[in-house]
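Q: structural data only, the sequence is not supplied:
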């Protein structure tokens with residue numbers, strides 16, 4: 001059975017060695033495994049949340065696409081595409097939006113962090129917070145569900161978004177009565193390498209301590225020789241533990257080469273010689289990749305044609321057929337295509353019903369189901385059946401969505417479906 005694995009790549013500038021070691025290289029290697037159908041997409045729509053700079057967005061998308069291709073991603077063996085080339089994703093996002101709980105979105109880490117920061121600074125909680133940031137998890141869910149991905153490799157800070165995608169998928173499946181989406185599983189690779197930067201901290205653009213992946217040879221050498229080391233002189237043994245220089249060498253070397261480098265550390269290799277060896281080891285791996293990258297960047301029209309072609313193939317094979325099915329599922333149908341028998345059956349269907357019952361905790365509950373038994377409303381517990389009955393009487397008169405907001409019950413279906421069921425009960429009464 002084929003497993004679909006989906007990876008999103010946000011265009012955010014030129015990648016550095018940390019990106020290569022920690023994400024690009026292992027993801028490309030994993031995509032070559034048997035029984036895996038890999039999806040890699042350039043998340044250009046997501047990038048607009050943080051940067052509304054058209055030229056930068058275009059350039060970053062080109063650089064990231066060229067980088068992954070230069071590093072060995074085979075666009076004929078995996079699905080490599082641009083998010084904005086799959087318009088069906090945006091339509092699916094809306095279908096998910098109408099079943100997504102705002103309460104869940106309120107708890108999204110990025111949104112909460114922005115709110116907390118504003119409150120700390122004495123600002124309006126939503127100051128500077130765009131609807132794009134708030135809705136980011138729904139678009140991410142659509143990215144995943146549009147191709148029914150089974151597994152999504154992410155960092156720990158993204159686990160919540162996968163959990164939300166599962167929630168939205170489960171909610172949609174429940175509301176529309178069919179397993180339209182498998183529930184994606186999060187994949188955390190505990191072995192992902194974290195590369196130290198020039199100053200010994202984690203290599204990150206936010207620390208300005210990175211080495212660009214495709215820096216020219218001389219620039220690469222200059223950066224490697226600027227790696228922070230201690231003051232131990234040639235001939236003095238040097239520690240490999242905690243050494244950014246040694247760790248970087250290890251990320252580009254075989255176990256045998258690493259053992260030899262460790263021996264040289266113990267024997268007191270000079271920092272200059274150590275940095276020269278590190279430079280030669282990195283350059284040996286990156287030199288052919290750099291040449292491919294430069295050739296790709298020189299012909300952006302070829303990358304554009306590739307992304308458009310693969311995006312169109314994806315749409316035809318997966319996205320368009322799925323959205324056709326989903327449009328029918330949610331009721332966006334040909335108005336003339338209503339079989340009379342089905343219409344007659346619908347007219348004869350059983351009415352909605354409130355059911356009261358007592359649980360083992362001794363408290364009294366009620367629920368509202370439609371004629372097919374699908375749960376629409378579920379109450380919390382009450383001390384007496386009278387209390388539950390009084391709330392049912394109030395609910396039966398609800399004609400607007402505002403009347404369905406209460407801590408004493410939860411909606412298990414769309415507001416429109418619940419209001420329609422209550423209207424049916426009033427008409428029957």
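A: Structure received. None of these values were measured; they are calculated from a predicted model. Numbering: from 1, shown residues only.
Q: is the residue nearest the centre of the chain within a helix or a strand, and which one?
A: Geometric centre of the chain, nearest residue: residue 140, 4.6 Å, by CA atoms, centre = their mean. According to DSSP states H and E, residue 140 maps onto helix 131-145.
Q: so which elements touch that helix?
A: strand 3-9, helix 44-47, helix 88-97, helix 102-106, helix 109-120, helix 159-175 (3 or more CB pairs under 8 Å, 6 or more residues apart in numbering; DSSP states H and E). All C-beta spots, glycine's among them, are computed from the backbone N, C-alpha and C.
Q: dump the ones you listed into a markdown table; add distance to residue 309, mean pLDDT and mean neighbour count as well.
A: Formatted as a markdown table, those follow (distance: least, CB to CB, whole Å; pLDDT from 0 to 100; neighbours: other CB atoms under 10 Å):
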| stretch | distance to residue 309 | mean pLDDT | mean neighbour count |
| --- | --- | --- | --- |
| strand 3-9 | 18 | 95 | 20 |
| helix 44-47 | 17 | 93 | 21 |
| helix 88-97 | 17 | 98 | 19 |
| helix 102-106 | 35 | 93 | 12 |
| helix 109-120 | 33 | 94 | 14 |
| helix 159-175 | 28 | 95 | 20 |
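Q: tell me which of those sits nearest to residue 296.
A: Comparison of those against residue 296 by CB to CB identifies strand 3-9 as nearest, at 15.4 Å.
Q: now that closest one, how far from the centre of its chain.
A: On the basis of CA atoms, centre = their mean, to the nearest Å, strand 3-9 sits 9 Å off its chain's mean C-alpha point.
Q: other residues contacting it?
A: Contacts to strand 3-9, defined as CB atoms under 8 Å, 6 or more residues apart in numbering, come from residues 27, 30-31, 35-43, 46, 64, 68, 83, 140, 143-144, 147-153, 184, 187.
Q: residue 384 and residue 364 touch, don't they?
A: Yes: assessed by CB atoms under 8 Å, residue 384 is found in contact with residue 364 at 6.3 Å.
Q: neighbour-wise, which of the two wins?
A: More crowded of residue 384 and residue 364, by other CB atoms under 10 Å: residue 364, with 19 against 10.
Q: distance of that one from residue 61?
A: Look at residue 364 and residue 61: by CB to CB, to the nearest Å, they are 58 Å apart.
Q: rewinding a little: ok, which of the helices and strands packed on helix 131-145 comes nearest residue 406?
A: Going by CB to CB, the one of these nearest residue 406 is helix 102-106, 13.5 Å.
Q: for that closest one, packing partners?
A: Checking 3+ CB pairs under 8 Å, 6+ apart, helix 102-106 ends up next to helix 131-145, helix 159-175.
Q: what would the ones you listed look like in CSV with distance to residue 104?
A: What follows is the helices and strands packed on helix 102-106, written out as CSV (distance: least, CB to CB, whole Å):
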stretch, distance to residue 104
helix 131-145, 8
helix 159-175, 6
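Q: these: which one's closest to residue 270?
A: Of the helices and strands packed on helix 102-106, nearest to residue 270 by CB to CB is helix 159-175, at 44.4 Å.
Q: after the closest one comes which helix or strand?
A: Next along from helix 159-175, by DSSP H and E: strand 185-187.
Q: the residue lying closest to the residue nearest to the centre of the chain once chain neighbours are set aside and residue 155, how far apart?
A: Of all residues beyond its chain neighbours, the one nearest residue 140 is residue 161 (5.1 Å), with distances taken as CB to CB, 6 or more residues apart in numbering. Per CB to CB, residue 161 is found 10 Å from residue 155.
Q: go on, residue 48?
A: From residue 48 to residue 155 the distance is 21 Å (CB to CB).
Q: and the two? Which one has more around it.
A: residue 48 (15 against 11).
Q: distance of the more buried one from residue 204?
A: Distance from residue 48 to residue 204, by CB to CB: 22 Å.
Q: where does the prediction get shaky in the stretch 251-400 of the chain?
A: Within the stretch 251-400 of the chain, the ranges that satisfy pLDDT under 70 run 338-349.
Q: can you give me the helices in it?
A: Secondary structure of the stretch 251-400 of the chain by DSSP state H, counting those that start in this stretch: the helices cover 255-266, 271-297, 300-314, 320-330, 340-347, 385-395.
Q: can you give me the buried ones in the helix holding residue 140?
A: 133-145 (16 or more other CB atoms under 10 Å).
Q: check stretch 371-378 too.
A: Residues 374, 376-377 are the ones in stretch 371-378 that count as buried (16+ other CB under 10 Å).
Q: list the contacts of that stretch.
A: 177, 349-353, 365, 367-370, 395, 409-413, 417-418, 421.
Q: mind checking the SS state of residue 81?
A: strand (DSSP: H, G, I helix; E, B strand; the rest coil).
Q: quick one, what contacts the residue nearest to it when sequence neighbours are not counted?
A: Spatial nearest neighbour of residue 81, excluding adjacent residues (CB to CB, 6+ apart): residue 311 at 4.4 Å. Residue 311 is in contact with 81-82, 85-86, counting by CB under 8 Å, 6+ apart.
Q: hmm, which two among the residues you listed are most spread apart?
A: 82 and 86 (8.0 Å).
Q: pLDDT score for residue 242?
A: Confidence at residue 242, expressed as pLDDT, is 88.
Q: quick one: it and residue 231, what's the gap?
A: Counting by CB to CB - residue 242 and residue 231 are separated by 15 Å.
Q: could you do residue 102 as well?
A: Distance, residue 102 to residue 231, by CB to CB: 57 Å.
Q: any figure for the gap between residue 118 and residue 126?
A: From residue 118 to residue 126 the distance is 7 Å (CB to CB).
Q: which residues of the stretch 101-250 of the chain score low on pLDDT?
A: Residues of the stretch 101-250 of the chain that meet the cut-off, pLDDT under 70, sit at 189-193.
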